[in-house]
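Student: okay, predicted coordinates and the sequence, questions at the end:
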Amino acid sequence: MYDVVIIGGGPAGLSAGIYAARARLKTVILERLMPGGQAAVTDYIENYPGYPEGVPGHELVAKMQEQAEKFGCQILSNEVEAVTIEKKTAATRSENYNWKALIVATGADPRTLDVPGCADFKGRGISFCATCDGALFSDRKVAVVGGGDSAVKEAIYLTKFASHVFVIHRRDKLRAERIIQEKAFKNEKITFVWDSIVTAIKGDQRVEEIHIHNVKTGGEKDVDVDGIFVYIGRMPNTAMINVEKDKAGYIVTDSDMRTSAKGVFAAGDCRSKEHRQVATAVGDGASAAMSAEEYIAENGD
Ligand code: NAP
């Protein structure tokens, strides 16, 4: 029996782990892959307080992990497949974990493009992670789909390797922060393809070409690229738990991270909220752990 079971080892889960373990609660983080979540594959984080020069994502989360473990938080690679709230269990393929309080910090996964070719070329030119795969496209042309912070930041990152980066956005205005936009507009290796969507991805063994449709003019064109990076938002990993969610599947909480189920808290990108940043995830995690601590103190077992 654990005092606190945390599902997910990204910044929200790690922050919750630090706070819960430091409060002398027996705490485990169950993570499906490696701790760190999306932040671990973010090249450089420039807006996390305390790092005026910026910090590589993997370095920041490695320090969070070290800090959680220092306080005695266990971190296990074991994917939670189902949560039974009435029995207070989180089930992985091999084991059931019992909790007094549960913190869901499962984040969100990238949304994929629903166009011909996308499924066929995953890992053969289609990627969702510039940090992981960018170096494979040295001196090659790549496309980035999307107009949010992720798309524009990663397009800038990809110019380190690629000979040219096309950013294909369905509108004529970016959603990304102004400071990120300004950097991208100044970068001579980036061309914005406005008001456009990718309608097909073609190639033989690997991606060779994308078909683009202009939603304003109706124009069609093919662009030769060796890779395509998809950054069109994310989908929350919340299927395993039955608590109140919003229309998009994000978990609804109050301002202290309490969900609709007693003793169950949610933190970070899987939570219904406006701003999804490492800094906000870390705040959520701390809050969720303190609420969990209060809940355990009031409710005992
Ligand atoms: P996002 O902000 O939701 O942006 C998704 C982008 O994809 C939007 O430009 C959207 O277009 C476009 N899009 C959505 N569905 C599409 C489709 N089917 N086809 C083509 N385009 C589509 O997602 P995100 O960029 O991953 O960011 C997620 C959160 O993380 C945001 O809160 C963001 O601020 C934060 N974040 C922050 C940083 C940072 O360094 N500050 C870095 C990464 C992420 P529309 O604009 O037309 O809707």
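Tutor: Thanks, I have the structure now. As the structure is a prediction and not an experimental result, all values here were calculated from the model.

Student: tally of neighbours for residue 197?
Tutor: Each residue near residue 197 was counted by other C-beta atoms under 10 Å, and the total is 17. For glycine as for every other residue, the C-beta is placed from the backbone atoms N, C-alpha and C.

Student: mind listing what's buried in the host helix or strand of it?
Tutor: For residue 197, the host element (DSSP states H and E) is strand 196-203. Residues of strand 196-203 classed as buried by neighbour count (16 or more other C-beta atoms under 10 Å): 196-198, 201, 203.

Student: then stretch 120-136?
Tutor: By neighbour count on 16+ other C-beta under 10 Å, the buried set for stretch 120-136 is 121, 125-128, 130-131, 133-134.

Student: distance to residue 185 and pLDDT added to the buried residues of strand 196-203, as a markdown table?
Tutor: A markdown table is the format used below for the buried residues of strand 196-203 (distance: C-beta to C-beta, whole Å; pLDDT from 0 to 100):
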| residue | distance to residue 185 | pLDDT |
| --- | --- | --- |
| 196 | 17 | 98 |
| 197 | 21 | 97 |
| 198 | 22 | 97 |
| 201 | 26 | 96 |
| 203 | 30 | 95 |
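
Student: which ones, among those residues, also lie beside the ligand?
Tutor: Among these, the ones lying near the ligand by C-beta under 6 Å from any ligand atom are residue 197.

Student: return the closest of the buried residues of strand 196-203 with respect to the ligand.
Tutor: residue 197 (5.6 Å; C-beta to the nearest ligand atom).

Student: from what I see, the closest one and residue 213 are in contact.
Tutor: Yes. With contact defined as C-beta atoms under 8 Å, residue 197 counts as touching residue 213 (5.5 Å).

Student: hang on, the earlier thing: go through the buried residues of strand 196-203 and say which is closest to residue 255.
Tutor: Lowest distance from residue 255 to the buried residues of strand 196-203 (C-beta to C-beta) belongs to residue 197, with 37.5 Å.

Student: nearest to the ligand among the buried residues of stretch 120-136?
Tutor: residue 128 (10.0 Å).

Student: nearest spatial neighbour of that closest one, skipping sequence neighbours?
Tutor: Distances taken as C-beta to C-beta, 6 or more residues apart in numbering put residue 110 closest to residue 128, at 4.1 Å, once the chain neighbours are dropped.

Student: list the contacts for that neighbour?
Tutor: Residue 110 is in contact with 128, 230-235, counting by C-beta atoms under 8 Å, 6 or more residues apart in numbering.

Student: narrow the residues you listed to just the buried residues.
Tutor: Applying 16+ other C-beta under 10 Å to the contacts of residue 110 flags 128, 230-232, 234 as buried.

Student: what's the most distant pair in those?
Tutor: That would be 230 and 234, which, of the buried ones among the contacts of residue 110, are the farthest apart (C-beta to C-beta) at 11.0 Å.

Student: could you measure from residue 5 over to residue 91?
Tutor: Per C-beta to C-beta, to the nearest Å, residue 5 is found 11 Å from residue 91.

Student: between these two, what contacts are shared?
Tutor: Common contacts of residue 5 and residue 91 (C-beta under 8 Å, 6+ apart): residue 97.

Student: who has more neighbours, those two?
Tutor: Each of residue 5 and residue 91 has its neighbours counted (other C-beta under 10 Å); residue 5 has more, 26 against 15.

Student: isn't residue 121 right up against residue 198?
Tutor: No. Using C-beta under 8 Å, residue 121 is not in contact with residue 198; the gap is 11.8 Å.

Student: any common contacting residues for those two?
Tutor: residue 228.

Student: before we move on, the earlier item: from the buried residues of stretch 120-136, which land in helices?
Tutor: 130-131, 133 (DSSP state H).

Student: min pLDDT across these, which one?
Tutor: Lowest pLDDT within these is found at residue 131 (83).

Student: for the residue of the stretch 51-200 of the chain found nearest the ligand, give me its contacts.
Tutor: Proximity of the stretch 51-200 of the chain to the ligand (C-beta to the nearest ligand atom) peaks at residue 148, 2.4 Å away. Residue 148 sits next to 174-176, 231-233 when contact means C-beta under 8 Å, 6+ apart.

Student: and residue 146, by the same measure?
Tutor: Taking C-beta under 8 Å, 6+ apart as the test, what residue 146 contacts is 167, 169, 230-233.

Student: cool, residue 1 as well?
Tutor: If you count contacts by C-beta under 8 Å, 6+ apart, then residue 1 has 26, 98-100 around it.

Student: show me those that map onto helices.
Tutor: Per DSSP H, these never map to helices.

Student: residue 78 contacts residue 90, doesn't it?
Tutor: No. Residue 78 is beyond contact range of residue 90, at 9.3 Å (criterion: C-beta under 8 Å).
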